[in-house]
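Enquirer: here is a sequence together with a model predicted from it:
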Amino acid sequence: VDGMMVHFRGAKQERPAPIEVEANAFAAALLMPEGFLRDDLKNHVIDMFDEPAVRSLAERYRVSVQALTIRLIELGLLRGLPTSAGR
């Protein structure tokens, strides 16, 4: 979450504490395991503009669409990103 270029933390755009970054990575891996996501997607990428598919997958994992989208980006499982969206 914290590696993304957009942060929703309020007016200040400060770098998060390393422990917070680690906690977010742990939570993402726990709630949305890479192996499970790859199995669900059958090793295909999902189109970022396919809102019903993204929403359905988020509901399956009981996470927000934003959290799932970030996780899919991190795993390279989301297609349709502008080339400047990289870190």
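Expert: That came through fine.
Enquirer: geometric centre of the chain: which residue is closest?
Expert: residue 70 (1.7 Å; C-alpha atoms, centre = their mean).
Enquirer: so where does it fall, helix or strand?
Expert: Element membership for residue 70 (DSSP states H and E) is helix 65-74.
Enquirer: just want the angle from the host helix or strand of residue 20 to helix 65-74.
Expert: Using DSSP H and E, residue 20 maps to helix 18-31. Angle, helix 18-31 to helix 65-74, by axes from the mean of the first three to the mean of the last three C-alpha atoms, to 10 degrees: 90 degrees.
Enquirer: after helix 18-31, which helix or strand is next?
Expert: Where DSSP H and E defines the elements, the next helix or strand beyond helix 18-31 is helix 34-41.
Enquirer: what's the mean pLDDT across that following helix?
Expert: Averaged over helix 34-41, pLDDT sits at 95.
Enquirer: output the contacting helices and strands for it.
Expert: helix 51-61 (3 or more C-beta pairs under 8 Å, 6 or more residues apart in numbering; DSSP states H and E). C-betas here are computed from N, CA, C, even on glycine.
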